[in-house]
Structure formats: structure tokens, C-alpha cells
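Enquirer: Whatever this is, show me its structure:
(3 chains)
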Amino acid sequence: MPQKQQYWLMKSEPGDYSISDLERDTETIWDGVRNYQARNLMRDAMQVGDKVLYYHSNAKPPGVVGIAEVSKECAPDPTQFDRRSKYFDQKSSKDNPRWECVCIRHVQTFEEMISLSQLRGTTSLEGMALLRKGQRLSVQPVTAKEWKIVLKLAGVKA
DNA sequence: GCCAACGTTGGC
DNA sequence: GCCAACGTTGGC
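Expert: This next block holds a predicted model:
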């Protein structure tokens, strides 16, 4: 039985890993998430085949730059065990890993990004998690309605 | 570079 | 379990 289509928004700093990097690599492990809420969403809610809005944070301007999809379910994040990684976590162990993450695959890069200010200016997107004050989660749920609206803004068929 | 908002840590 | 101090995120 087909499961219900779910939608997410995932943030990345383009200087760190941009949508062009994802397009080049085709697929990547979403390592480096060190926030429990974001981890829990990936671990407990995300399913292979879920669609993802790819968001560039700390960018000029910030905004949604394309689409990805979840390609592998959650698994321990290898960077937490790597002493040389900036994501190394001394308190984590292989027996009891603290951090897990999914893999995502590139689907599409928008011809033109949908900037944050454009999203804010879209009345029908009022209430979107991304636009809420103080929202910092790097993995957020997106409703089917919001997904449609953003894709329409991007000129992409849903 | 500033700073508001939020998360985490650790003393008590 | 409280909460102050500190760290991080991320828009501006």
C-alpha cells in the first residue's frame, strides 16, 4: 500500500553544501545535524520517497533553491565518531549512537530561487514553519498545501 | 558584525 | 527540576 506523501524543508548553508553540490553528487548523506528535534523528525517521521524543499540559509539572499527526495532511511551519522570531523561528538558511542540522519537525492534545481522575502510576501504561506519568528530548525515539516504553493512560485508542476 | 531567539549544559 | 550562563542559528 502506498504511504502518504510527506514533505519537508531542509536547510543548508551554500558555502557548506549547496544544491549544486547535491546536483553534482546526485545523492548525499545529511550528516552534521546536532539538534534533537531535527534528528527526531528524520528518525521517526521521514520515509524514503518523501519530498524535500532544499533551502539555502545564511545566503544572500536566503531561500528555496530546489527539490530533493529522501533516498535512504535514517542511520547513524558517521561524522559523530570521527575525531577529525567538526561534528565529532565525544559523548556518542557506536553502541549507542546519539545522531542519525537520512540520505537525500537531488531531484531538481529551480531556474530561479524562491527567496525568503518572496515567501514572506506570499499571503497563502502565512503560518509556514519557516516563516515563524525564531524558527531555527534545520529540518522542518511542510504541508501539502505549502509544497504546492512553493512549487507554483517556482514555476514547477507539482 | 549585531543580536534575537532558541537549545544545551551543569551547578545547586 | 530550576535556571543562569553559554553556545548556535541565521536574518538583517
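
Enquirer: wouldn't A:S85 be in contact with A:T79 here?
Expert: Yes: look at A:S85 against A:T79 with C-beta atoms under 8 Å: they come within range, at 4.2 Å. C-betas here are computed from N, CA, C, even on glycine.

Enquirer: Point out the residues in chain A that sit beside DNA strand C.
Expert: Applying C-beta under 7 Å from any atom of the strand, we find that chain A lies next to DNA strand C at A:11, A:13, A:34, A:57-59, A:61-62, A:116-117, A:120, A:136-138.

Enquirer: Look at the residue sitting furthest away from the middle of chain A and give its secondary structure.
Expert: Taking C-alpha atoms, centre = their mean as the measure, the residue most remote from the mean C-alpha position of chain A is A:D95, 27.0 Å away. Here A:D95 is recorded as coil under DSSP: H, G, I helix; E, B strand; the rest coil.

Enquirer: how close does the nearest residue to A:Y55 once chain neighbours are set aside get to A:V65?
Expert: Using C-beta to C-beta, 6 or more residues apart in numbering and skipping residues adjacent in sequence, the residue nearest A:Y55 is A:K11, 4.6 Å away. In this view, A:K11 and A:V65 are 11 Å apart by C-beta to C-beta, to the nearest Å.

Enquirer: higher neighbour count, the two?
Expert: Neighbour count, other C-beta atoms under 10 Å: between A:K11 and A:V65, A:V65 has more, with 24 against 21.

Enquirer: Cool, thanks, talk later.
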